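Participant: after the sequence you'll find the predicted model.
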Amino acid sequence: MEDYLSTNETTVNSIYFLKFPNEKTSLSKLKSAGFINEENEIITASHNHSIDVIGIITQGGEYDKEGNVIVQPTTLPGWHINYVGELPKEWEEYLVTPEFPVRVFM
């Protein structure tokens, strides 16, 4: 029996970490790349891509046992999205390389 893996190419896409200046810009870029549907919703997955909208990222902060804020967390700049698939050329300027990503695809 012929080894089917020897005759087929497999492409593994990278995880891209994107930091847009704000949500409005991210939605505009998603729309221009064809990732917004007729109902104005993000198309988060297909056979060719996956989008994970993180949004605002915060760090730190202190909370009591009831979950009340004692020390406010720090809000990091930008609106964050993780993306797997062929990266649209116009998104390259928003690429970042976080040392410790907040969330990754598994």
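Facilitator: Arrived safely, thanks for sending. From a predicted model like this one, the values you see are computed outputs, not experimental measurements. Residues are numbered from 1 along each chain as shown.
Participant: how about the strands in the protein?
Facilitator: In the chain, the strands defined using DSSP state E lie at 15-20, 49-55, 58-59, 62-63, 69-71, 74-75, 79-85, 95-96.
Participant: which residues touch the spatially most central residue of the chain?
Facilitator: In the chain, the residue lying closest to the centroid (Cα atoms, centre = their mean) is residue 82, at 1.6 Å. The contact partners of residue 82, taken as Cβ atoms under 8 Å, 6 or more residues apart in numbering, are 15, 16, 17, 18, 51, 52, 54, 101, 103, 104, 105. C-betas here are computed from N, CA, C, even on glycine.
Participant: bridging residues for it?
Facilitator: Note on residue 82: beta-bridge partners by DSSP bridges are residue 17, residue 52.
Participant: confidence score at it?
Facilitator: Looking at residue 82, its pLDDT is 97.
Participant: give me the neighbour count for residue 20.
Facilitator: 19 (other Cβ atoms under 10 Å).
Participant: got a list of what it touches?
Facilitator: 26, 29, 78, 79, 80, 81, 94.
Participant: now those residues in a markdown table, with neighbour count and distance to residue 88?
Facilitator: A markdown table is the format used below for these (neighbours: other Cβ atoms under 10 Å; distance: Cβ to Cβ, whole Å):
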| residue | neighbour count | distance to residue 88 |
| --- | --- | --- |
| 26 | 23 | 12 |
| 29 | 19 | 8 |
| 78 | 20 | 18 |
| 79 | 20 | 16 |
| 80 | 23 | 17 |
| 81 | 23 | 12 |
| 94 | 22 | 10 |
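Participant: so which of the strands of the chain is nearest residue 35?
Facilitator: For residue 35, the closest of the strands of the chain is strand 49-55, at 6.4 Å, according to Cβ to Cβ.
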